[in-house]
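Trainee: Give me coordinates for this.
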Amino acid sequence: MKDKLLPIGSIVTIKGQDLMICSYFDKKKRINNDCFDYICCIYPTGVDEKMLLIKKENIESIKFIGFQDNRFVKLKEEWEKKNG
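Mentor: Take a look at the predicted model:
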């Protein structure tokens, strides 16, 4: 599942820290020549001034998979076509 698009609200662990996926990172943008997959906040405290950019390959575990409806399925299919 780490290689698939995770829905908003999913809870993942990176370096022992639980994070909640809040948004997707725009693949056209780069920071220090680096591209990211998700914008996250610390779980369970939620969104504050500290948002974290993560790469899917750094996800150690997936603790919860967020809500998936028809709109997400369509977004996921489009993403998979673009990203192989």
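Trainee: Wait, a helix at residue 74?
Mentor: Yes: judged by DSSP: H, G, I helix; E, B strand; the rest coil, residue 74 forms part of a helix.
Trainee: so how many other residues sit close to it?
Mentor: 10 (other Cβ atoms under 10 Å). For the C-beta atoms, the positions are set from N, CA and C on the backbone; glycine is no exception.
Trainee: Now do it, the pLDDT please.
Mentor: Looking at residue 74, its pLDDT stands at 93.
Trainee: who's in contact with the residue nearest the centre of the chain?
Mentor: Nearest to the geometric centre of the chain sits residue 38, at 3.4 Å (Cα atoms, centre = their mean). By Cβ atoms under 8 Å, 6 or more residues apart in numbering, the contact list for residue 38 reads 6, 21-25, 53-54, 56.
Trainee: these two touch, right, residue 52 and residue 41?
Mentor: Yes: the criterion here is Cβ atoms under 8 Å, and residue 52 meets it with residue 41 at 7.2 Å.
Trainee: which of the two has more neighbours?
Mentor: Higher neighbour count among residue 52 and residue 41: residue 41, with 17 against 14, using other Cβ under 10 Å.
Trainee: circling back: just list whatever residues bridge to the residue nearest to the centre of the chain.
Mentor: Counting by DSSP bridges, residue 38 forms beta bridges with residue 24, residue 54.
Trainee: Okay, and residue 82 sits in which element?
Mentor: Assessed by DSSP states H and E, residue 82 sits inside helix 70-83.
Trainee: so where is the chain shaky, pLDDT-wise?
Mentor: The chain contains residues with pLDDT under 70 at 1-3, 26-33, 83-84.
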